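> sequence? don't have it. structure:
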């Protein structure tokens, strides 16, 4: 994926905007029911995805191969499922979606670690 870094940062910035809007809503209404959703969006969406984008930008050889695409899609889907699942938890609708999203996020992080570690000699 030639532009994986740009895709990550673009999605991360979209999550930043959404997270800020939710934060603004909570501040304006004094209703903190969705505080965990706000945190999940900003940390799991903005921070993590943007950081992945920076990693791919700093070490462009990591973009080569199918592993980068798999890692991207797992991270992107996880960043969507976790806030949806957290919203469901806030509304007492169960935790299965959040758990599934969390599992995908862990697999995505493990793939990033594997990709970085296994190609360390190429990255110098």
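Sure, I can see it. This one's a predicted model, so the numbers in the text were calculated from it and none came from an experiment. Residues are numbered from 1 along each chain as shown.
> can you give me the strands in this structure?
Secondary structure of the chain (DSSP state E): no strands present.
> where do the helices of this protein begin and end?
Assigned by DSSP state H, the helices in the chain fall at 4-29, 35-39, 48-58, 66-90, 96-118.
> what's the third one in contact with?
Surrounding helix 48-58, the residues in contact under the criterion Cβ atoms under 8 Å, 6 or more residues apart in numbering are 4-9, 11-13, 15-16, 62-63, 68, 71-72, 75-76, 79, 105, 109, 112, 116. The way it works is simple: take the backbone N, C-alpha and C, and place the C-beta from them, glycine included.
> let's see it at 6 Å
When contacts are defined by Cβ atoms under 6 Å, 6 or more residues apart in numbering, helix 48-58 is touched by residues 4, 5, 8, 9, 11, 12, 62, 63, 79.
> what do you get for the second one?
If you take Cβ under 6 Å, 6+ apart as the criterion, helix 35-39 is touched by 19, 22, 23, 83, 86, 87.
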